[in-house]
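# After the sequence you'll find the predicted model.
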Amino acid sequence: MAEKVLLVDDDELMLRSYHRTLHRKFKLEVAMGGVQALQALERHGPFAVIVADMRMPGLSGLDVLQEAVRLAPETTRIMLTGDLDLHTAMDAVNQGRVFRFLTKPCRPEDLEAAIQAGIRQHQLMIAEQELLQQTLMGSLQMLTDLLSPLDPEALGQGRMLRDRAVLLARALRFEPEWDLETAALLLPIGRIALPPELLAKLKAGAPLDPRERTLLDQVPETGAQLLDNIPRLHEVARIVRYHAKGYDGSGHPADGVAAEALPMGARILKALNDFTHLERARRSRKVALEELALHCGQYDPRVLEALYAQFGTPAAAAVERACPVAELREGMILARDVHTLNGRPVLVAGLKLGPAHLVLLRDVVEILDLQEPVYVSHD
Amino acid sequence: MPNKILLVDDESNVLEAYTRVLRRRFDLAVAPGGPEALDALARGGPFAVIVSDQRMPGMDGVALLGQARERFPDTTRIMLTGNADQATAMAAVNQGAIFRFLTKPCDSAMLAQALDAGIRQYELVTAEKQLLEQTLKGTLEVLVELLSILDPISFGRAQTMAELAEAVARDLAMPAPWVLGIASILSQIGILTVPDTLVSKLHTGGFLNSSEREIANRVPEIGANLLKRIPRLEQVAEAIYYMNKNYNGTGFPADGCKGPDIPLGGRILRVAADYLNLLASKGEPKLAVAEMEFRTSWYDLAVVRSLARVLKAMEPVTPETELREVGLKDLRHGQLLGSDIETASGLLLVPAGTRLGLTHLEKLRNFARLGGIREPINVVTHLIT
């Protein structure tokens, strides 16, 4: 399929002349002015490249490109302009994330070369997105799902944390979501280095001695160190390192980093992780939210506000129904914890079932010796 | 691991000024001219971004960036110059494949922004190679290292198997050797879906009844089924699916495919996994390979011979090794264990032959703090002659 290109100008003559010279080489669409351009982006996309004239009445080229960043982040942005002063250029780079500038009058071959480069750029972005979102995240999700019965309270919450993190990231316009989602899945990996006796104590709520306390406090740092050497996971490691740290500087690691110096992703996951655990421990979303409010100093106020907006309305009372293990399907949400016959919890309520869970629960029944039936939510 | 940046200018005070302001945010290297810059690219790389001044004696910026483009095409090129007219700048950006054109004096905020964008560009261009070969592999390694702590026998060899299988794939000129690395690391994940009692029977070679045999045979299939849903891991899934298949067509899956029709990835995994089993029982690489050369109905002989070449190439220059006793605090990431590591009470933590990862070290430190670990520990070192 040919990649689509959107040309935006308020001058009909210009548009016609571009169209004449370029329509054989690209799948072109033209828009008269900013409003039409945004409509085209929304309705006729995806476009590989958008070329916008800077000076247009109403919405300027910069306005259009800025909006394009939001509407179609993978579309490469090129700006055409008659008078390029340094200030305009800076604005365009910072806010419009412009890939190329072209000055008017622009020779057709220059425009063509710029569009070709823009298409290549678009393809690179799509390929990267696919690798990150599908290949890497898909593998991680699969492995953490498989591991979730080993530590249902932590690893088993990864999938739910990831879904919730995406909701908050959208509300807060935080990007890239990729770092945040990966961190949500890998948040507890430092726990696996903990001795089993300590994990058992945690589960039972038994008091910890000071040495054990220290080990537990180091979990985020341990997890971060495991990830720090992996290319491109630098930011993920930073989020994992600070995910238990309060906005007010409380918590570990005790290194004085606080407030805005904490990575935004860590502030989001701190609030969500605490919320998710409290909700489970108190068996009530309302009580969990009230407890967060009691310790509001630990949370970024904007994150807390977004969290209240997202989860503050009481969840529509989910109707649960019993489901035989053999009838479990991908995407079903567990309404209650799933236990083995001898009472060990293996998956926690709220979890959305993925393919790896189904293999564990359904495909080889001997694996876990489950108590049947399993309760799932029913809308 | 931060991305490296190379700044090139013939005026040392300019370099100093930029370094002072930017070194906190970026991993910077500097070069006083074109030839030195090319040398740095070749020896100190890979660099994410090169920023060059235009006017330099000898080789100017355009010439330098032109050569950089040819020899190090992934590195993002940025031009920084004092005397730019608009037309030169445009032409350089649009035709010279130069990513950004900055004019002097350029304030540090603007330069920093260009560097961020340049790094981002480098990441895009190298995405495929880096994400598949390093990020994906690295992350999965950490998770499987963690698994090796829970089940050392099933997962402890993944790292060594990955090294061997990838080297064999390269030796046989497979187009995507990383596939074998990932496949080795994930080859045992199906084990996670096997009941614990059966896992211990498998490890001790206990008698399996027919339904247990059936489950054990399906281990690779379960792993492959989970993986084949993930884009770009199709070949990984396929290799794992065929890892218990014999060259003469017997074994699993029983699908009538045999000889060269079995996917090469599966044939390589089969050989790498069995080699490590044999090595554990025979103790000597040569003996293990010799044994495999007789089993022509099981293995593709071309793969076994390739493995022999790979092993020969991996032999250190001084093949003599000895065991050295070290304390826990002297253990380092990457060391090869010469004997099992056990807790004071005799619980096996990490088996001999494991190459220590960061996860192992962390786990061992935690155990040492709480319960204690038997010391000293034996690591394999090469004799220096």
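Thanks, I have it. Numbers count the residues shown, from 1 in each chain, chains lettered A, B, ... in the order given.

# hey, C-alpha coordinates of stretch A:59-78 in CSV?
Output of stretch A:59-78 as CSV, limited to C-alpha atoms (Å, rounded to 0.1, in the frame of the first residue of the first chain):
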residue,chain,number,x,y,z
LEU,A,59,-5.0,28.0,12.4
SER,A,60,-1.4,28.6,11.5
GLY,A,61,0.9,25.8,10.2
LEU,A,62,2.4,25.6,13.7
ASP,A,63,-1.0,25.1,15.2
VAL,A,64,-1.8,22.3,12.7
LEU,A,65,1.5,20.5,13.3
GLN,A,66,1.2,20.8,17.1
GLU,A,67,-2.3,19.3,16.9
ALA,A,68,-0.9,16.6,14.5
VAL,A,69,1.6,15.5,17.2
ARG,A,70,-1.4,14.7,19.3
LEU,A,71,-3.8,13.3,16.7
ALA,A,72,-1.2,11.3,14.7
PRO,A,73,2.1,11.1,16.4
GLU,A,74,3.6,8.7,13.8
THR,A,75,3.0,11.1,10.9
THR,A,76,6.2,12.9,10.0
ARG,A,77,5.8,16.7,10.1
ILE,A,78,7.3,19.0,7.4
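
# starting at the chain centroid, how far to that stretch?
Put simply, stretch A:59-78 sits 21 Å off its chain's centre (Cα atoms, centre = their mean, to the nearest Å).

# Give me the buried stretch members for it, please.
Of all the residues in stretch A:59-78, those buried under the rule 16 or more other Cβ atoms under 10 Å in any protein chain shown are A:59-68, A:72, A:74-78. Just so you know, the C-beta spots here come from the backbone N, C-alpha and C atoms, and that holds for glycine as well.

# quick one: which of the residues you listed is nearest chain B?
Ranked by distance to chain B (Cβ to the nearest Cβ), the buried residues of stretch A:59-78 are led by A:I78 at 10.1 Å.

# The closest one and B:Q121: what is the separation?
A:I78 sits 15 Å away from B:Q121, taking Cβ to Cβ, to the nearest Å as the criterion.

# With A:L180 instead?
22 Å.

# Where does the prediction get shaky in the stretch 1-150 of chain A?
A:1, A:83-96 (pLDDT under 70).

# what does it put close to chain B?
A:84, A:90, A:93-94, A:100-103, A:110, A:113-114, A:117, A:121, A:124-125, A:127-128, A:130-132, A:134-136, A:138-140, A:142-144, A:146-147, A:150 (Cβ under 8 Å from any Cβ of the partner chain).

# Restricted to strands, list these.
A:100-103 (DSSP state E).

# Now do the strands in the chain.
Using chain A. Using DSSP E, strands in chain A cover A:4-9, A:27-32, A:49-53, A:76-81, A:100-103, A:319-323, A:338-339, A:345-347, A:374-378.

# wait, I meant chain B there
Under DSSP E, chain B gives strands at B:4-8, B:27-31, B:49-53, B:76-81, B:100-103, B:321-326, B:341-342, B:348-350, B:377-382.

# How about the contacts made by A:L341?
A:369-371 (Cβ atoms under 8 Å, 6 or more residues apart in numbering or on different chains).

# how about 7 Å then?
A:L341 sits next to A:369, A:371 when contact means Cβ atoms under 7 Å, 6 or more residues apart in numbering or on different chains.

# so how far is B:A239 from it?
A:L341 is 36 Å from B:A239, by Cβ to Cβ.

# hmm, back to that, point out the most buried one among the strands of chain B.
Of those, the one with the most neighbours on average (mean count of other Cβ atoms under 10 Å in any protein chain shown) is strand B:49-53, at a mean of 26.

# For A:K245, what are phi and psi?
When read as degrees, to the nearest 10, the backbone of A:K245 gives phi -100, psi 130.

# Thought A:A261 was touching it, still the case?
No. Taking Cβ atoms under 7 Å as the definition, A:K245 is not a contact partner of A:A261, at 10.0 Å.

# residues touching residue 241, list them.
Since no chain was named, I'll use chain A. Counted by Cβ under 7 Å, 6+ apart, A:R241 has contacts A:220-221, A:224, A:253.

# nope, chain B
B:220-221, B:224, B:253, B:266.

# Just the ones of those in helices?
Counting by DSSP state H, the part of those found in helices is B:220-221, B:224, B:266.

# Which two among these are spaced furthest apart?
B:E221 and B:G266 (12.1 Å; Cβ to Cβ).

# quick one: which of these two has more around it?
Neighbour tally, B:E221 and B:G266, criterion other Cβ atoms under 10 Å in any protein chain shown: the higher count belongs to B:G266, 23 against 16.

# So for that one, what's the nearest residue that isn't a sequence neighbour?
What sits nearest to B:G266 in space, not counting adjacent residues and going by Cβ to Cβ, 6 or more residues apart in numbering or on different chains, is B:Y242, at 2.5 Å.

# swap in B:P263?
In this structure, B:P263 finds its nearest non-sequential neighbour in B:E238, 5.1 Å apart by Cβ to Cβ, 6+ apart.

# what about the one you found, distance to chain A?
15 Å (Cβ to the nearest Cβ, to the nearest Å).

# what's that residue in contact with, if anything?
Applying Cβ under 7 Å, 6+ apart, the residues near B:E238 are B:263, B:265-266.

# between those, which is closest to B:I78?
Nearest member of the contacts of B:E238 to B:I78, counting by Cβ to Cβ, is B:G265, at 40.8 Å.

# can I assume that closest one is in contact with B:M243?
No. Judged on Cβ under 7 Å, B:G265 makes no contact with B:M243 at a distance of 8.6 Å.

# The two: which has the busier surroundings?
More crowded of B:G265 and B:M243, by other Cβ under 10 Å: B:M243, with 27 against 24.
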